[in-house]
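1. mind looking at a prediction? Sequence and model below.
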Amino acid sequence: MQRITKRFNSNMVLRVFLTYGLVCCLFVLNGCATTDTEANIKAAAPRAPLDGIWTGEFEFDSGNRGQYDFTAVHLAAKAYAFSQRAKAVCIGSVQLQADNYASEYVLYALDGGPFDVATLTGKLTEGNKIASRFVTQNGGESGVLELTYNPIYNLPSSLSATQGGWSYTDGDGLTTEFLIQEAGTITGHDSIGCAYQGHLSIIDPSYNAYQIQVEITACGSVGGNYAGISFMQDRRLNVHLVNRRYGLFFAFSPKGASEQ
């Protein structure tokens, strides 16, 4: 029960069933992560216009609440995103017709459940920028979201870059540790006894993005199978994981050599 208190925003529970059906559909689209090793990766394909890591800010039309950070990873029409200030994790789809951008996200409370659906429409402009507007289905919110292509996506990926010990402590003081082996195998635990095991795999060695699957056990209702995306940024390993009930985000830092 401690895990639920730490990792679940109870104010969002009543909204979960409003978006449950769409979440299920998105997971069918999302499919399963591959388990290719570096030796099995095919030659890099050219980057599609929307593929990549996109960073920027969004702002609501009402309430004078200021700007919120937003990071999105677009891969083959799938979209994964998070906002640390808004304490939200998102999963959905993205598409481009000519220069018209459209996206739909299921919104999760950070370390909690799905609570709304956001629809975005806009333009892919010169300079690899996306200017869009969003509307939420249940909350009735609207606003603007502006994103810029982040060149960190152009960094190559390799399992050797992710190998070793990683640690992340969230705002509630909960520490999660991962150990990633040479083949991408993940084992881990957190400070309240939850156990983690899974696999990290390369999508395209030319680009900075990894598929990740993790099973969480000994963790109450948070236990289960999760899938998502990961990428390196400023020596951190960012990990975005979701299933039908929870959305999780970790900004792992490397552990010191003495701790490994």
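-> Nice, I can see it.

2. so for the longest strand seen in the chain, what gets flagged as buried?
-> Across the chain, the strand with the greatest residue count (assigned by DSSP state E) is strand 114-125. Buried residues in strand 114-125, counting neighbours by 16 or more other C-beta atoms under 10 Å, are found at P114, F115, D116, V117, A118, T119, L120, G122, L124. Bear in mind the C-beta positions are built from the backbone N, C-alpha and C, glycine included.

3. for the residues you listed, give me CSV that also has pLDDT and distance to S167.
-> Formatted as CSV, these follow (pLDDT from 0 to 100; distance: C-beta to C-beta, whole Å):
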residue, pLDDT, distance to S167
P114, 97, 28
F115, 97, 29
D116, 97, 32
V117, 98, 34
A118, 98, 32
T119, 98, 37
L120, 98, 34
G122, 97, 37
L124, 96, 37
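
4. where does the chain have its least confident helix or strand?
-> helix 16-30 (a mean of 46; mean pLDDT, DSSP states H and E).

5. show me where this protein has helices.
-> 2-7, 16-30, 159-162 (DSSP state H).

6. farthest pair within the buried residues of strand 114-125?
-> F115 and L124 (28.4 Å; C-beta to C-beta).

7. pLDDT below threshold where in the stretch 101-250 of the chain?
-> Along the stretch 101-250 of the chain, no part satisfies pLDDT under 70.

8. strands along that one, start to end?
-> 114-125, 129-136, 142-149, 164-169, 175-180, 185-190, 195-202, 210-217, 224-233, 236-242, 247-254 (DSSP state E, counting those that start in this stretch).

9. and among these, the most buried is which?
-> strand 236-242 (a mean of 22; mean count of other C-beta atoms under 10 Å).

10. need the residues that contact that strand.
-> 71, 73, 80-82, 89, 91, 108, 162, 166, 178, 212, 214, 226-232, 247-254 (C-beta atoms under 8 Å, 6 or more residues apart in numbering).
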